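Undergrad: okay, structure incoming, though there's no sequence with it:
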């Protein structure tokens, strides 16, 4: 499908064909996210029922240390994540959602005052912009403005994923984070798969080959992607299996950072101070790095740069790592971490990973 055709097809699917999450035909767009803290659970539970019923994301994209932050949600839909985040950022933070679908934007705007009153704010700290995630600046969003960008099972719906990353990079502050869930394939998908409008709307046929994300992130200027969580996306319908063949899919939450050009990659010892609200005992940066309070942890230069140059900077003490007489930082072996291999390794260890379920609940689609 061509770019304009993709946009029209997605608008029709999410604006007119889907009425609630129960109308989805696969489990891809509503897969399970990470375990969450009590404040996050309470924030999500406070969102209005109509907003929640039209939530089609693939995880819970709520990162840590949010108070006072300016956040942008790409493809915000009915606004579920935006309203949950509006409670977590507090009255001095702000959350903006952007979406191209008339019906979804209308639902989100309908409940701005409802959530302002529910959270006890004098002024609303959310707003919703109608526009395309490939053209953020054209929609009036400021460059170098946002502390955090989130996205929940939306980038796969875009016909121009590199433009999405470029625009996100442009509107993020230096040191800002792009924290997002999306669907990825274990291969390049055939053109015949790409042309299936229902599978595109279901977040399947527009999925990137996972390696391509690493390439695009590097080309745009982002840090390497850090894998936070992953879950398999099963394809159960026989008619979809015939179209997709042996292709496999996974939902992954990644972190990307907009780091200053001069940031260096040196191995470093870090000590977490335990002061991020809700994460006092430990902070999970990605699946390989779970920082327990007061523990000394050696990290690669890539992780050290992300911590030092982001909003997490003051949450750690930093000490130079031991010097090596030869060789380089060990980032290279991790630069292309395969999420499918990661899930297979968990299975070999006997660790159960839940497949995707409706709206992050226990009821599978």
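TA: Alright, I've got the coordinates. Keep in mind it's a predicted model, so treat the numbers as computed, not measured.
Undergrad: low-confidence stretches in this protein?
TA: The model of the chain has pLDDT under 70 over residues 1-34, 57-59, 324-335, 356-365.
Undergrad: where exactly do the strands run in it?
TA: All strands of the chain, identified by DSSP state E, fall at 70-74, 94-99, 126-130, 146-152, 172-185, 208-209, 226-232, 249-257, 268-272, 282-286, 289-292, 296-299, 316-320.
Undergrad: mind listing what the residue nearest the centre of the chain touches?
TA: For the chain, residue 180 is the residue whose C-alpha lies nearest the centre (CA atoms, centre = their mean; 0.9 Å). Residues in contact with residue 180 (CB atoms under 8 Å, 6 or more residues apart in numbering) are 61, 74, 149-152, 154-155, 253-254, 256. C-beta here means a position set from N, CA and C on the backbone, and glycine is covered the same way.
Undergrad: just checking, residue 141 touches residue 98?
TA: Yes: assessed by CB atoms under 8 Å, residue 141 is found in contact with residue 98 at 7.2 Å.
Undergrad: okay, those two: which has more neighbours?
TA: Remark: of residue 141 and residue 98, residue 98 carries more neighbours, 26 against 18, as counted by other CB atoms under 10 Å.
Undergrad: surely the more buried one and residue 77 touch.
TA: No: using CB under 8 Å as the test, residue 98 is too far from residue 77 to be in contact (10.3 Å).
Undergrad: residue 352: neighbouring residues, count only.
TA: For residue 352, using other CB under 10 Å, the count is 7.
Undergrad: about what we covered before: need the nearest residue in space to the residue nearest to the centre of the chain, chain neighbours excluded.
TA: In space, residue 180 comes closest to residue 151 once its chain neighbours are excluded; the distance is 3.9 Å by CB to CB, 6 or more residues apart in numbering.
Undergrad: surely that neighbour touches residue 177?
TA: No: assessed by CB under 8 Å, residue 151 is found out of contact with residue 177, at 11.8 Å.
Undergrad: quick one: the helices in the stretch 1-150 of the chain, in order.
TA: Counting by DSSP state H, counting those that start in this stretch, the stretch 1-150 of the chain has these helices, from start to end: 3-12, 38-45, 49-53, 80-89, 102-110, 112-119.
Undergrad: let me know which of these is tucked in deepest.
TA: The highest mean neighbour count among the helices of the stretch 1-150 of the chain, using mean count of other CB atoms under 10 Å, belongs to helix 80-89: a mean of 26.
Undergrad: list just the nearest of the contacts of residue 180 to residue 269.
TA: Of all those, residue 269 sits closest to residue 256, with 24.2 Å by CB to CB.
Undergrad: contacting residues around that closest one?
TA: Going by CB under 8 Å, 6+ apart, the list of residues near residue 256 reads 177-180, 217, 222-223, 225-226.
Undergrad: export the residues you listed to JSON lines and append columns for distance to residue 55.
TA: Converted to JSON lines, the contacts of residue 256 look like this (distance: CB to CB, whole Å):
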{"residue": "177", "distance to residue 55": "22"}
{"residue": "178", "distance to residue 55": "20"}
{"residue": "179", "distance to residue 55": "17"}
{"residue": "180", "distance to residue 55": "15"}
{"residue": "217", "distance to residue 55": "26"}
{"residue": "222", "distance to residue 55": "27"}
{"residue": "223", "distance to residue 55": "29"}
{"residue": "225", "distance to residue 55": "24"}
{"residue": "226", "distance to residue 55": "25"}
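Undergrad: next, the buried residues of stretch 294-307.
TA: Of all the residues in stretch 294-307, those buried under the rule 16 or more other CB atoms under 10 Å are 297, 299-307.
Undergrad: what about the residues you listed, which are in helices?
TA: Among the buried residues of stretch 294-307, the members found in helices (DSSP state H) are 301-307.
Undergrad: specify which member of the residues you listed is nearest to residue 348.
TA: Minimum distance to residue 348 across those is 25.0 Å, recorded for residue 303 (CB to CB).
Undergrad: could you find the closest non-adjacent residue to that closest one?
TA: residue 289 (6.1 Å).
Undergrad: and which of the contacts of residue 180 is nearest to residue 55?
TA: Ranked by distance to residue 55 (CB to CB), the contacts of residue 180 are led by residue 152 at 8.4 Å.
Undergrad: would you quantify the distance from the closest one to residue 85?
TA: Distance from residue 152 to residue 85, counting by CB to CB, to the nearest Å: 11 Å.
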